[in-house]
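Q: for reference, the sequence and a predicted model appear below.
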Amino acid sequence: MLLPSFSFAISASNLAVLGNNNIPIFFSGALLMAMICSLFCVKNSLLRFNFLAAGLIGLAIISTDIPWLNILLAFSFCFHLWKSFERKNTLVIILSTLAIVLFIALFFAYLLLDVRLYWVVLAIILLAIVTIMPVDQPTHSKQVNEHGITESSSNYISSSPLASLPTRKAMFNHIFSVLKNQFKGGVVVLRLEGFEQVNQHIGRDFGDLLLAQSANRIKNAIEHDQVIQLSSEHKLAHLGGLNFAFICSLAKQNHIHEQLIQKIINATLKPFNVANCTVEIKVRASYVDCAHFNEFDDGLISAAFLALDSQERQQVVVYQPQMMIAQLEQQARIAELANIDFSSELELYFQPVICNNDGHIAFLELLLRWQHPKQGILSAHRFIDDIKIAGLGYPLAKFVMKRAAELACALKRENISVPLSINVFGPEMLNEEFVEYIDALLSEHQLFNGELVIECPLHIFTNLDDQGQAMVARLNSMGLKLCVDGLGDNPVLLAKLPGLAVEYVKISPALTADFSNQNNIRSLVSGMVDMHNQQHTKVIFEGVETAEQLKFVKSLNAYATQGYYFGHPLSSVGLMNWLKQWRLEQKNISI
């Protein structure tokens, strides 16, 4: 019985020692560690200074036991609670309030129950836990959204003008209330472009600064009584990333939205000065009339984004209901392409390219067609983007190349010497595996120099790197002729045109369709033709439909012509018969 009594005596003695000496020492160490953590984790200088002051006051209370120090500590707690409400984080507010309640309870326990004063340090330690919480502080690794804009919770963003703008949700709620009142007007969505180079060359922090400056210019540009107020201070909403929006009333002026959009475009065209660099930003806009929507279910904003995405080359796009129909049709086509059988559903048509000097066939262009079960025969431009989205670009290029090689081989067996051309719509032509496949096809079908021609969009050739140039040189060495398609559809630096290592260049129909300014067109196009003739590149004009166009094109000294004037595309199933008939007609004409 002596041993238990002795053990109890030791335990009681230890508790007395712990209550008298060890607890203040423990609190001092814990408070010092909390101060160090706060100094390293907290990025807000005011919060860091506030907790440093609270920690020093706590150490002073432990060492001196002076009651009036709690007054200073109370001010520190109140400041922290005020900053917590500014962050608008419910968990932080609750924990900060609990720390203050704990401080008050421990201080009253000291006054009424004779509890030691150093116990109030527990409230400071709880405050430290709140201060260093990850939800309250920015991470060192910044997340980047799909548009390339930093989405970190940095102190700059939290204090930037974007933070005070109404959000997409607030915009939705406001549109819903507006539509219930039979509002006459619409929503304008703005998308900023040109931030990729800013983020890459200057830095994402400066990209965020530039975004804030752009938002300020837009806010100033839409200061008009016909722009609906979205909050007490703002008429502009930030939809996230590089997208902004505002609601415009057309009750007094039917075209005020067009004027405001143009004003915004002019404002953003003015160069920005960021990090001692001059930066240019572009803006695209879409407008959606509320009359297209009877009720609000996120449809207005989605329709505005759809308009921007469906017309990427236009700076200002007005939403039309047909865009939604086209999107649904595209989604249906993409679903159908997942199970498409190339050999049974796709077919090659052909259209001749006729030499201007003697009327002979320069080559036959093979055009891809889809025998769609519901929409009938679809030309390639109707579904080639869907092919790329479905990830079928490379398999399709191989299929078309193989069918072209088989047709070219069949022509050779009939002693018909007419080259065939195929269209490659993307970078597949520069894929080394695809080049190897072409080489194997040429060897298998014994096709030689000039019997096959590959047509590719202009942008493929104007953005070639060293590897791309090597692939082009290899295709030329294999005996394939290359053709640039669509010169004139998009702007291109004239300095790049002479460097195109190709056999043919096709001029877009856009350059020969308008005869109202024929003299101006002649001087422009004639210069392009002469430049390519000097480079020994053969120029072909597309889209010739009338005898007047043909006469105009021939006067420009071009090599060949293509268009409906010579016939619409026909199925390659009847290619042999068509060529024999063509030869017979040419003989009769020469006789």
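A: Arrived safely, thanks for sending.

Q: contacts and neighbour counts: CA atoms only from here.
A: Noted.

Q: quick check: next helix or strand after the strand or helix carrying Lys398?
A: If you go by DSSP states H and E, Lys398 is part of helix 393-413. Later in the chain than helix 393-413, the nearest helix or strand by DSSP H and E is strand 420-423.

Q: and the longest helix that the chain contains, which residues are buried?
A: Across the chain, the helix with the greatest residue count (assigned by DSSP state H) is helix 90-113. Across helix 90-113, burial judged by 16 or more other CA atoms under 10 Å covers 92-93, 95-97, 99-100, 102-104, 106-107, 109-110.

Q: again with stretch 442-449
A: Here stretch 442-449 shows 442, 445, 447 as buried, counting by 16+ other CA under 10 Å.

Q: roughly how far does the last one sit from Ala303?
A: Just to be clear, that refers to Leu447. 51 Å (CA to CA, to the nearest Å).

Q: for the closest residue to Leu165 other than its chain neighbours, name its beta-bridge partners.
A: Distance criterion CA to CA, 6 or more residues apart in numbering; nearest residue to Leu165, sequence neighbours excluded, is Ala237 at 5.5 Å. Ala237 has the following beta-bridge partners by DSSP bridges: Ala245.

Q: contacts only, for Ala237.
A: By CA atoms under 8 Å, 6 or more residues apart in numbering, the contact set of Ala237 is 165-168, 171, 230, 244-246.

Q: what's next to the following helix or strand past the longest helix of the chain, contact-wise?
A: Next in sequence after helix 90-113, counting helices and strands by DSSP H and E, comes helix 121-131. Helix 121-131 is contacted by residues 27, 30-31, 34-35, 38, 42, 47, 51, 54-55, 58, 92, 95-96, 99-100, 102-103 when judged by CA under 8 Å, 6+ apart.

Q: repeat that with 7 Å
A: With CA atoms under 7 Å, 6 or more residues apart in numbering as the test, helix 121-131 has contacts from 27, 31, 34, 38, 54, 58, 92, 95-96, 99-100, 102-103.

Q: burial count for Tyr565?
A: 14 (other CA atoms under 10 Å).

Q: which SS state does the residue nearest to it when sequence neighbours are not counted fall under?
A: The shortest distance from Tyr565 to any non-neighbouring residue, by CA to CA, 6+ apart, is to Glu545 (4.3 Å). Of the three states, Glu545 takes coil under DSSP: H, G, I helix; E, B strand; the rest coil.

Q: give me the low-pLDDT residue ranges for the stretch 351-500 of the chain?
A: 489-500 (pLDDT under 70).

Q: change it to 80
A: Along the stretch 351-500 of the chain, the model assigns pLDDT under 80 to residues 425-430, 459-465, 487-500.

Q: what ranges do the helices span in it?
A: Under the criterion DSSP state H, counting those that start in this stretch, helices of the stretch 351-500 of the chain are mapped to 380-389, 393-413, 432-445, 458-462, 466-477.

Q: distance to Leu117 added to those, as CSV?
A: Converted to CSV, the helices of the stretch 351-500 of the chain look like this (distance: least, CA to CA, whole Å):
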stretch, distance to Leu117
helix 380-389, 70
helix 393-413, 76
helix 432-445, 78
helix 458-462, 77
helix 466-477, 76
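
Q: show me what the strand ranked longest in the chain is packed up against.
A: In the chain, with assignment by DSSP state E, the single longest strand is strand 361-372. Packing partners of strand 361-372 (3 or more CA pairs under 7 Å, 6 or more residues apart in numbering; DSSP states H and E): strand 346-355, strand 376-379, strand 420-423.
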